[in-house]
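A.B. asks: Need a 3D model of the sequence below.
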Amino acid sequence: MLPATAFQELKIRLQGTPAATGIALERLVPTAVEPVDALLGGGLPAGSLVTLEGLGSCGRWSIAAALLAQATRRGLGAVIDDGELYPPALEAAGVRLDRLLVVPAHTPVGAARAADALLRSRTVRVLVMAAARLRAAVWSRLASLANRSGAVLVVIAARAAAELGAAAAVRLWCSFDRAIVHGTRGLWCTLDGFDARTELRKHKRAGIGAFAALRSVVPTGDYG
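C.D. replies: Predicted structure coming up:
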């Protein structure tokens with residue numbers, strides 16, 4: 001049994017810790033895209049559902065690939081493939097394909113079931129999937145499973161439906177700014193990349209409407 005003085009000292013020390021004061025230190029998952037991490041205050045919250053939204057080739061998959069690259073350096077990442085996955089582009093972005101789980105799913109129900117199983121397994125750090133038409137209860141369940149597993153569930157969407165947007169903890173809107181061309185414009189020029197803009201549309205901590213400018217974020221072969 002601790003003496004009264006030692007017990008009191010321990011109590012005082014504990015009162016100064018985050019756990020004792022009820023302040024949980026949120027674990028962040030860096031994207032390794034510096035402007036985006038600065039926008040997010042260090043990275044994406046672990047255990048959250050995140051949407052990367054935008055039209056066409058706007059850098060959504062570049063951010064997702066950077067997340068998968070980080071995840072596969074130390075553990076496993078996963079992608080639910082709707083038939084448009086291009087592994088060479090992921091490998092060029094630094095993703096270790098030997099640590100990437102690829103699950104084919106061609107229907108909304110199939111995608112939901114695959115995400116459910118992967119999140120419940122608690123084996124992956126980052127899970128990427130295309131947006132599917134799912135009920136609000138399904139997105140809510142997937143967000144809850146992500147929270148329990150500590151994984152980041154990244155959903156790629158042109159524009160998040162209301163059901164998905166409500167379940168997301170973070171929403172990022174990606175947009176094309178301008179192409180970066182090397183050489184004479186026209187037949188003899190080459191595309192080196194493009195400038196893109198990422199705007200924060202939902203986050204419980206960061207300022208809504210803030211944005212990051214990205215330069216040449218897309219490697220050759222990127223598809224959105």
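A.B. asks: My guess is E199 contacts W173. True?
C.D. replies: Yes: counting by CB atoms under 8 Å, E199 touches W173, with 4.5 Å between them. (C-beta placed from N, C-alpha, C; glycine too.)
A.B. asks: These two: who's more crowded?
C.D. replies: W173 (20 against 17; other CB atoms under 10 Å).
A.B. asks: hang on, the more buried one packs against G59?
C.D. replies: No: if you go by CB under 8 Å, W173 and G59 don't touch, sitting 10.6 Å apart.
A.B. asks: any common contacting residues for these two?
C.D. replies: Each of T198 lies in contact with both W173 and G59 under the rule CB atoms under 8 Å, 6 or more residues apart in numbering.
A.B. asks: R171 reaches T51, doesn't it?
C.D. replies: Yes: using CB under 8 Å, R171 makes contact with T51 at a distance of 4.8 Å.
A.B. asks: So for these two, which sits in the more crowded spot?
C.D. replies: Using other CB under 10 Å, the more surrounded residue of R171 and T51 is T51, with 26 against 21.
A.B. asks: For the host helix or strand of that one, enumerate the helices and strands it packs against.
C.D. replies: Secondary structure assignment for T51, by DSSP states H and E: strand 48-53. With contacts taken as 3 or more CB pairs under 8 Å, 6 or more residues apart in numbering; DSSP states H and E, strand 48-53 sits against helix 60-74, helix 136-149, strand 152-157, helix 162-167, strand 170-182.
A.B. asks: which one of these lies closest to P45?
C.D. replies: Nearest to P45, of all the helices and strands packed on strand 48-53, is strand 170-182, at 6.9 Å by CB to CB.
A.B. asks: Point me to the residue sitting closest to the centre of this protein.
C.D. replies: The residue lying closest to the centre of the chain (CA atoms, centre = their mean) is V154, at 4.4 Å.
A.B. asks: which residues touch the strand holding T51?
C.D. replies: 44, 60-61, 63-64, 131, 139, 142-143, 146-147, 152-160, 164-165, 167-174, 201.
A.B. asks: Which neighbours do R171 and T51 have in common?
C.D. replies: Taking CB under 8 Å, 6+ apart as the contact rule, R171 and T51 both touch 160, 165.
A.B. asks: Next one: the closest residue to V103 other than its chain neighbours from R148, what distance?
C.D. replies: With sequence-adjacent residues excluded and distances taken as CB to CB, 6 or more residues apart in numbering, V103 is closest to A114, at 4.5 Å. Remark: distance between A114 and R148 (CB to CB, to the nearest Å) = 17 Å.
A.B. asks: okay, those two: which has more neighbours?
C.D. replies: A114 (20 against 12).
A.B. asks: ok so the more buried one is a helix residue?
C.D. replies: Yes: A114 sits within a helix when classified using DSSP: H, G, I helix; E, B strand; the rest coil.
A.B. asks: residues contacting it?
C.D. replies: 80, 103, 105, 129.
A.B. asks: Output the below-cut-off pLDDT ranges for the protein.
C.D. replies: Low-confidence segments of the chain, defined by pLDDT under 70: 1-26, 57-58, 177-196, 206-224.
A.B. asks: now with 80?
C.D. replies: In the predicted model of the chain, residues 1-26, 56-58, 176-196, 204-224 satisfy pLDDT under 80.
A.B. asks: ok, V126 touching A69?
C.D. replies: No: V126 lies out of contact with A69 (CB under 8 Å); the separation is 9.4 Å.
A.B. asks: between the two, which one's more packed in?
C.D. replies: Set V126 next to A69 and count neighbours by other CB under 10 Å: V126 wins out with 28 against 20.
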